[in-house]
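J.: Next input, structure requested:
(2 chains)
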There are 2 protein chains.
Amino acid sequence: MNIYAVVMAGGVGSRFWPRSKKTMPKQLLKIFDNETMIQATVRRLKPIIKDENIFIVTNQIQADEVKKQLNFIPEKNIIIEPFGRNTAACIGLASIIIKSIDPNAVTIVLPADHIIKEEDVFVNTLLNAAKFAYESEGLVTIGINPTRPETGYGYIQIDEKKISDNIYKVLTFAEKPNYATALRFLESGDFLWNSGMFIWKVETILSEMKNLMPDLYEGLEEIEKHIGKNSFQEALVRNYGMMKKISIDYGIMEKSSRVYLTKGFFTWSDVGSWEEVYQLSEKDNDGNASFGLVYLDSVMDSYIYSPNKFAAVIGVDNLIVINTDDSLLVCRRDKSQDVKKVVDYLKMNKLEQFS
Amino acid sequence: MNIYAVVMAGGVGSRFWPRSKKTMPKQLLKIFDNETMIQATVRRLKPIIKDENIFIVTNQIQADEVKKQLNFIPEKNIIIEPFGRNTAACIGLASIIIKSIDPNAVTIVLPADHIIKEEDVFVNTLLNAAKFAYESEGLVTIGINPTRPETGYGYIQIDEKKISDNIYKVLTFAEKPNYATALRFLESGDFLWNSGMFIWKVETILSEMKNLMPDLYEGLEEIEKHIGKNSFQEALVRNYGMMKKISIDYGIMEKSSRVYLTKGFFTWSDVGSWEEVYQLSEKDNDGNASFGLVYLDSVMDSYIYSPNKFAAVIGVDNLIVINTDDSLLVCRRDKSQDVKKVVDYLKMNKLEQFS
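T.: Got it, this is the predicted structure:
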C-alpha cells in the first residue's frame, strides 16, 4: 500500500490579522515554536509518507512562500489552483493527479493549519485508517473526542458499534451547533468533532464524485486528459473555473453511504482565533504568553506579541495585543472572533495595505 | 512697568512615554491641538509681554528644538543650563540676566508644560499680580481654586483676609497630601493648588536669595560679573555646577515673609499623566478620544493614539493606547502614573533607545 498526502493550503485566514495577510495566511506563519504551521503539518507526516508522495494544493499568491517553506518537496508536487473552488474541487484535482501516478494510491487529505499534539498517536491513527481504506471502499474521516461544548466546530454522529479496529459507521454530520446543542452532543457520547481530515483511496473518492457530483467529475475528467501535456494549464483554468464552490463535506461526506469515522485520541485544534492561540501557548505564572521586547506590570491572562518594537502593558487582564510593523490589534480575549470584522473594514475602506 | 517672562523648559517628562523622550519631553510635544505645550505657554503671554522680553531656560539636549518651535524669540533669550540644578538656581540665573537688561523688571516665572483655559482671565491675573509685585516687595504665587481632592499637587494655605485686589498673604506651603488630607484642604476653603507660577521684581527675588540662599546668591554674583563677556560660558559652568539642587518653593517661598498669593480663577492643569490628557481631550459619544488610523469596536472611555500605523481596538474600556514608531503603551487609565516605571526599566536594562 502506497500512502500519499494532500495538504490543503489555500486559506486566507483573516482571523489572525494583523499577523496574517492575504500573502501570508495562518498556515505560513510561525504561530507556535520555530516552524510554520504548514511545516509542522508536513513534518508530522514524514514518519509514514515519503516527501515525493506529499502534495500541496495552494494558490498563486502563496505558491512561492509555500515552495520556500517546503523546499524538500518536489516542485511538481505543489499544485496551484487558478481560483479557489472550495474543498471538493481541490480534493478532486489532487486526486486525479495522484491517480495518474498511482491508481491504487491511498491518500490522506488534511488542512495545513491545524495543531496536533501526541504525534505518534496521530500517525498510528492515520496508518490504521489507511489500512481500512485500502482494504475497503470506505471514505474515512477523523473525529476528535470533544473535550468541551465547542460551538466553533462541526460534529459527526457515529453508530457506536465498532466495525473494525477504531472504525465506526457515520450516521450524520451536524453543522456548528449552538451552546445547548453542543452540550447535548457532548453528553450523548456518540458525537465527535469534525476535524476535516480524510483517508481514502483516490479510486474510491473519485468514484463517489462520479456518483454524487457528476458535473464536478466531468470537469475533472477533462483536466485529467491533459495531465503531463503543455495544454494542462489552459485546460485547468477552463474547467476549474466552471466548477461549483462546494465543500467535500456537503458534496460527498453528508451524502455518501461509504462514510466511516476513526477516533483521534490526540490533542487537536484548528486554531480558529487568537483566543485559541492563547489557550495553546505556554504561559507564565500570571497566565501570560508574551513574545518580543515586552514589559508587563500587573498583567494577567493575556497574550502579547511585539517582536520588533518595545511594548509596555500595565494593569490589564484577558487582553490580546498583536503589534506588527504596520498595524496594532488590542482585543479582549473573548472578542477575538471579531478580528474578522477588522479585515472586512479594511477592505471596505480601501485600506488593504494593512490587510 | 516692564514685564518679562521666564519660561522654565528643562523637564525630561517620563510620564508621557512613549511619546515623550529625553530629547522631546512633554513641553515640546503637541499633546493638544496643533501647537506644542511650550508654544501655547508663550502664545498665552503675547498679549502682555513683547517677544524680546520672553526668556526660556532649557538644557543642551532640548535647545535646538526649543529655538525651532519659538523661532520668533531672540536667540539670546534662550538660556541654556549646563546642568539641571532645580528651580531656585534656574530662576536665579534668569533673574541676573534680566536684571542686567532692566534692573526694575517685573518677571513672570512659569513652567512650559501646563494647560490653561480661559486665557483672558489668566492674563488679567498676571497683570494684577505684576502691578502688586511692582509696587510692593512681594513674591506672588498663583494659587488655583481646587476642584477635587487632588493628591498629585502641592497646596498653599492663605490668610483669607484680602490684602489688595485678589492678593492674599500666604500662611503655609503643604506637600502633596494623602487623600484624607486633600479632602480636608478642599473643605477648609483656604487651601489652594500650588501652580508653580510666580510673579515678582528681579530685584525682590534676588534680594531674598541673598538673605535665604547666600551660597546660591554668591554663585550668581560670580556669573553676573561675566554677563556679556567671552568668559560667561566658562564662569557659568564653573559656578552653576557648585549650586545645590533646591526648588524655589523649598529655598525661598516656604521661608520668606514676603510671600503672597493671587487666586487663579481659570482651568489649570500640569497634565501630569496620560489620564489627565484623556480628561482634557475632546471625546466622542462613547467617551473615547482617538487620533490616527483607528478602528474601534465596543470601546468605551479610552484614549487611543496611533498616528502612523493602523490600530484596531476591540471590546475594551478605560484603556490608554499609545502606539509610536518604536514603542507601544497599553495601560489602564487608573494606572497611568506607573508609566514612569517603564522609563526606569528601560534605563536599568540598557534599552534607552526606547526612552
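J.: Which residue ranges of chain A form helices?
T.: Along chain A, counting by DSSP state H, helices occupy A:37-45, A:60-69, A:86-101, A:119-135, A:179-188, A:202-212, A:214-224, A:232-242, A:248, A:274-280, A:339-348.
J.: Minimum distance to chain B: which of these has it?
T.: With C-beta to the nearest C-beta, the closest approach to chain B among the helices of chain A belongs to helix A:339-348: 4.4 Å. Quick note: C-beta positions are derived from backbone N, CA and C, even for glycine.
J.: Please identify the nearest residue in space to A:F198, excluding sequence neighbours.
T.: Distance criterion C-beta to C-beta, 6 or more residues apart in numbering or on different chains; nearest residue to A:F198, sequence neighbours excluded, is A:V109 at 4.3 Å.
J.: List, one by one, the residues from the stretch 251-355 of chain A near chain B.
T.: When proximity is defined by C-beta under 8 Å from any C-beta of the partner chain, the stretch 251-355 of chain A lies next to chain B at A:293, A:295, A:297-298, A:306, A:309-316, A:319, A:321, A:323, A:326-332, A:334-335, A:338-339, A:341-342, A:345-346, A:351, A:354.
J.: The same query, at a cut-off of 6 Å, please.
T.: Residues of the stretch 251-355 of chain A found near chain B (C-beta under 6 Å from any C-beta of the partner chain) are A:295, A:297, A:309-316, A:321, A:323, A:326-332, A:335, A:338, A:342, A:345, A:354.
J.: Narrow those residues to those in strands?
T.: Those of these mapping onto strands are A:295, A:297, A:309-314, A:321, A:323, A:327-332, per DSSP state E.
J.: Count the residues that sit near A:G10.
T.: A total of 22 residues lie near A:G10 under the criterion other C-beta atoms under 10 Å in any protein chain shown.
J.: what bridges to the residue positioned nearest the centre of chain A?
T.: Geometric centre of chain A, nearest residue: A:P111, 2.6 Å, by C-alpha atoms, centre = their mean. With DSSP bridges as the criterion, A:P111 is bridged to A:M8.
J.: what pLDDT does it get?
T.: In this prediction, A:P111 carries a pLDDT score of 96.
J.: wait, doesn't it sit right on A:M8?
T.: Yes - contact status for A:P111 versus A:M8: in contact at 5.3 Å, counting by C-beta atoms under 6 Å.
J.: residues contacting the closest residue to A:E352 other than its chain neighbours?
T.: Distance criterion C-beta to C-beta, 6+ apart; nearest residue to A:E352, sequence neighbours excluded, is A:L346 at 6.0 Å. Taking C-beta atoms under 6 Å, 6 or more residues apart in numbering or on different chains as the criterion, A:L346 is in contact with A:352, A:354-355.
J.: Drop anything exposed from those.
T.: By neighbour count, with 16 or more other C-beta atoms under 10 Å in any protein chain shown, these hold A:354-355 as buried.
J.: Return the closest of the contacts of A:L346 with respect to chain B.
T.: Using C-beta to the nearest C-beta, A:F354 comes nearest to chain B of the contacts of A:L346, at 4.3 Å.
J.: roughly how far apart are the closest one and B:D165?
T.: When distance is defined by C-beta to C-beta, to the nearest Å, A:F354 is 59 Å away from B:D165.
J.: and if you look at A:K68?
T.: A:K68 is 79 Å from B:D165, by C-beta to C-beta.
J.: A:I73: neighbour count?
T.: Around A:I73 there are 19 residues (other C-beta under 10 Å).
J.: Show the pLDDT at it.
T.: For A:I73, the model assigns a pLDDT of 97.
J.: Over to it: give its phi and psi.
T.: Dihedral pair for A:I73: phi -90, psi 130, per degrees, to the nearest 10.
J.: got a list of what it touches?
T.: A:I73 sits next to A:51, A:54 when contact means C-beta under 6 Å, 6+ apart.
J.: can you tell me how far the residue in the stretch 101-250 of chain A that chain B sits nearest to sits from B:S290?
T.: Closest approach between the stretch 101-250 of chain A and chain B, counting by C-beta to the nearest C-beta: A:G152, at 17.7 Å. A:G152 sits 31 Å away from B:S290, taking C-beta to C-beta as the criterion.
J.: okay, now the domains of chain A?
T.: For chain A, automatic domain parsing gives the domain ranges A:3-269, A:274-354.
J.: Could you measure from A:T267 over to A:V121?
T.: Taking C-beta to C-beta as the measure, A:T267 falls 9 Å from A:V121.
J.: just A:T262 next, same as before
T.: In this view, A:T262 and A:V121 are 12 Å apart by C-beta to C-beta.
J.: Looking at the two now, which is surrounded by more residues?
T.: Taking other C-beta under 10 Å, A:T262 and A:V121 do not tie; A:T262 has more neighbours (26 against 14).
J.: ok, that one touching A:A129?
T.: Yes - using C-beta under 6 Å, A:T262 makes contact with A:A129 at a distance of 4.5 Å.
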